[in-house]
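*Asks:* Got a predicted model here, sequence first, then my questions.
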Amino acid sequence: MHQPRTDLYVFAVPDSDPMELLRLWHGMPTREPAMALRETFPFVANPPPDTLLMRATGLDLSVFGEDLEDGSLQMIDHASLVQYGHHEILARLVGDDIATTAETLTSYAQSLGVTCDRAAVEDKLRHGVWPEQADAMLQVAAFAHHLSRAAQIAFGIGQSVVWAFRQTTLSYDYP
C-alpha cells in the first residue's frame, strides 16, 4: 500500500470550472497540465489540514471539493482568489499575523482537549517544514504556509490552487 500523501499544485483550470478540473484530473495519468508548482508531503494526521485550518480560524476559502476513490480533490479557483483575496488572507496568516494565527490554532486545539505547542505551530507557519509526527495542528500550520505560497503564485499568474489527499480515508473528527 502507498503512503498517504498530500499533493499540492498550481495549474490553469479553464474558466475556473470544477468540471474542467475533474476532466483535467482524470486525464492526468496520460497528459498532465503545465504546473507552476507541484509538491508532495506525507499525510500525517486526520482531519485534513484544509478543513482543520478553516474550522480553527473561521475562514471560508471557497474550496471546491470532490471525493476520489483514494482520497479527496480540492481547489481554490483563480476567480475566488481574485474575488475574495484568499491569497492576501493566507499571506497575513503566515506573515504579519503569524503570532495571532499560532495562538488561534493552539487555542482551538486546546479547546478540544488537545495539547499543542504554540512555538512549534508558529515555526511551521513561518517555515513550512512538514511534520513527521502525527500531529494534526502542526500539519495544519505547515499546510497553511505552503497553501499561502501556492495562492500567491496562482494569483500572480491567473491559475488555480489544487490539492489532493491521496491513498487515505479522511476522517473529520478532531481530536
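*Replies:* Right, received. Where do you want to start? Numbers count the residues shown, from 1 in each chain.
*Asks:* For the rest of this, base every contact and every neighbour count on C-alpha atoms.
*Replies:* OK.
*Asks:* just the strands in this structure please.
*Replies:* All strands of the chain, identified by DSSP state E, fall at 5-11, 35-42, 64-68, 71-76, 160-166.
*Asks:* Now render these as a markdown table, adding mean neighbour count and distance to Arg149.
*Replies:* Output for those, formatted as a markdown table (neighbours: other C-alpha atoms under 10 Å; distance: least, C-alpha to C-alpha, whole Å):
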| stretch | mean neighbour count | distance to Arg149 |
| --- | --- | --- |
| strand 5-11 | 22 | 10 |
| strand 35-42 | 14 | 10 |
| strand 64-68 | 14 | 19 |
| strand 71-76 | 21 | 13 |
| strand 160-166 | 25 | 10 |
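*Asks:* Reformat these as JSON lines; add mean pLDDT and distance to Gly128.
*Replies:* Below are the strands of the chain laid out as JSON lines (pLDDT from 0 to 100; distance: least, C-alpha to C-alpha, whole Å):
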{"stretch": "strand 5-11", "mean pLDDT": "96", "distance to Gly128": "13"}
{"stretch": "strand 35-42", "mean pLDDT": "96", "distance to Gly128": "11"}
{"stretch": "strand 64-68", "mean pLDDT": "93", "distance to Gly128": "23"}
{"stretch": "strand 71-76", "mean pLDDT": "95", "distance to Gly128": "20"}
{"stretch": "strand 160-166", "mean pLDDT": "96", "distance to Gly128": "16"}
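*Asks:* Reformat the ones you listed as JSON lines; add distance to Gly58.
*Replies:* Output for these, formatted as JSON lines (distance: least, C-alpha to C-alpha, whole Å):
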{"stretch": "strand 5-11", "distance to Gly58": "22"}
{"stretch": "strand 35-42", "distance to Gly58": "24"}
{"stretch": "strand 64-68", "distance to Gly58": "17"}
{"stretch": "strand 71-76", "distance to Gly58": "16"}
{"stretch": "strand 160-166", "distance to Gly58": "20"}
